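Asker: Take this sequence and fold it.
(one chain, ligands or ions: 2)
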Amino acid sequence: MIECHDLTHRYSPSETALDGLTLTVPKGECFGLIGANGAGKTTTLKILSTLLVPSSGTARIAGHDVVTDYLAVRKAIGYMPEAPPVFAEFKVGDFLAYAAAMYGLRGEERTRRVDSVIALTDLGGKRDAWCSALSQGMRQRLFLARALVHDPPVLLLDEPTSGLDPAARVEFRHIMRELIAAGKTILVSSHILPELSQFCTSVGIVERGKLVISGTVDEVLKSVRGPQEIEIEVSGDASMIAAVLRSFTGVGKVQVKGATAVVEFTGVRDRQAALLKALVDAGVPVVSFGERRATLEQIFMTVAAFETS
Ligand SMILES: Nc1ncnc2c1ncn2[C@@H]1O[C@H](COP(=O)(O)OP(=O)(O)OP(=O)(O)O)[C@@H](O)[C@H]1O
Ligand SMILES: [Mg+2]
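Answerer: Ligands and ions are numbered 1, 2, ... in the order given. Below you'll find the model as predicted:
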């Protein structure tokens, strides 16, 4: 549904913002584009939303080329920019009705669509407020509503959660899940990494204009994390279990601190269960046993470190 092939963009001969970026988001998927400041997220989203013509490479949305068939692309997408502008002369409800009219919606259908996006983004109390009087978080919601007003199949959201308070972030996740359930295809960027893993079906990390890794959250985790770490807490001093641990195949480095041991472990999940059984059989009073999962934040730092080293 969203396809970028070898996308390159230079703002000037010395400023290569995108350097051969290739990615595909199948219909109905939600892809999270993760990257540090200046990595190329906004440039990618601007090309996909037809606001910027790439220096080379191709991008297609719903089969339409973003350069040669940009009008068809514009109908198919809802785009939420990184820094939404202020339309000071509009009230919230009128702004959305105006946006809907731009997409050819008229009469009852327009009213119905505006009511629906206002309800979805919880802007009901602000329908008659001036756009210039909205807080930043409310402006974000208004632009999400605007991106959705013509019910497009594809959504391109550039850091939609920046400026949202914690409660609004939770609310945003609910909205994203509703949109995914409704079958939308979504490309969403963020550097607030753990947030994307809560609703994205796949994620990719962009570094200096290249997609350095992509896949499902689990695939990305697996490919960068190396050996698993298992944390074992016992009742008493964990140093007593070091000998049992070291005799078990697959166990690498063991670090003991108080009642907790952290074990490097290579092996399938069944072997984890066998390790736990071996400890219990040896009479170890295990209080908790679990795999430490790297967060997206840690993965991002790992990949960033590979890239800069
Ligand atoms: N209008 C512009 N003119 C010149 N260079 C630009 C322009 N916009 C972006 N760049 C450069 O292109 C690169 C990628 O920028 P881009 O805005 O795509 O990054 P980003 O991943 O969205 O970053 P952020 O997280 O800060 O929003 C950066 O090096 C940036 O300085
Ligand atoms: Mg950006």
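Asker: close enough to count as contact, residue 65 and residue 59?
Answerer: Yes - Residue 65 is in contact with residue 59 according to C-beta atoms under 8 Å; the separation is 7.4 Å. Every C-beta, even on glycine, is put in place using the N, C-alpha and C of the backbone.
Asker: Look at the residue of the stretch 1-150 of the chain found nearest ligand 2 and give its secondary structure.
Answerer: Nearest to ligand 2 in the stretch 1-150 of the chain, going by C-beta to the ion, is residue 42, at a distance of 3.1 Å. Under DSSP: H, G, I helix; E, B strand; the rest coil, the three-state class of residue 42 is helix.
Asker: was I right about it contacting residue 187?
Answerer: No - between residue 42 and residue 187 there is no contact under C-beta under 8 Å: 12.0 Å.
Asker: More neighbours: which of those two?
Answerer: For residue 42 versus residue 187, the count of surrounding residues by other C-beta atoms under 10 Å is larger for residue 187: 29 against 20.
Asker: Quick one, grab the pLDDT at that one.
Answerer: Note for residue 187: predicted pLDDT of 97.
Asker: so it sits in a strand?
Answerer: Yes - Residue 187 sits within a strand when classified using three-state DSSP.
Asker: helices or strands up against the longest helix anywhere in the chain?
Answerer: Ranked by number of residues, the top helix in the chain under DSSP state H is helix 166-181. On a contact count with 3 or more C-beta pairs under 8 Å, 6 or more residues apart in numbering; DSSP states H and E, helix 166-181 meets helix 136-148, strand 185-190.
Asker: What residue spans form the domains of this structure?
Answerer: 2-222, 226-297 (automatic domain parsing).
Asker: separation between the residue of the stretch 1-150 of the chain closest to ligand 2 and ligand 1?
Answerer: 3 Å (C-beta to the nearest ligand atom, to the nearest Å).
Asker: rewinding a little: out of the helices and strands packed on helix 166-181, which one sits most buried?
Answerer: strand 185-190 (a mean of 25; mean count of other C-beta atoms under 10 Å).
Asker: okay, that one in PDB with CA atoms only?
Answerer: C-alpha atoms of strand 185-190 as PDB (Å, rounded to 0.1, in the frame of the first residue of the first chain):
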ATOM      1  CA  THR A 185      -2.700   1.600   6.500                       C
ATOM      2  CA  ILE A 186      -0.500   3.800   8.700                       C
ATOM      3  CA  LEU A 187       3.000   5.200   8.600                       C
ATOM      4  CA  VAL A 188       3.800   6.900  11.900                       C
ATOM      5  CA  SER A 189       7.100   8.500  13.000                       C
ATOM      6  CA  SER A 190       8.400   9.100  16.400                       C
END
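Asker: quick one: that strand near ligand 1?
Answerer: No - between strand 185-190 and ligand 1, judged by C-beta under 6 Å from any ligand atom, nothing touches; the nearest distance is 6.8 Å.
Asker: Then residue 86 would be within a strand, right?
Answerer: No - Residue 86: not assigned to a strand; according to three-state DSSP it is coil.
Asker: count of neighbours near the closest residue to it other than its chain neighbours?
Answerer: Distances taken as C-beta to C-beta, 6 or more residues apart in numbering put residue 132 closest to residue 86, at 5.5 Å, once the chain neighbours are dropped. By other C-beta under 10 Å, the residues close to residue 132 number 12.
Asker: circling back: got the angle for the longest helix of the chain vs strand 185-190?
Answerer: 160 degrees (axes from the mean of the first three to the mean of the last three C-alpha atoms, to 10 degrees).
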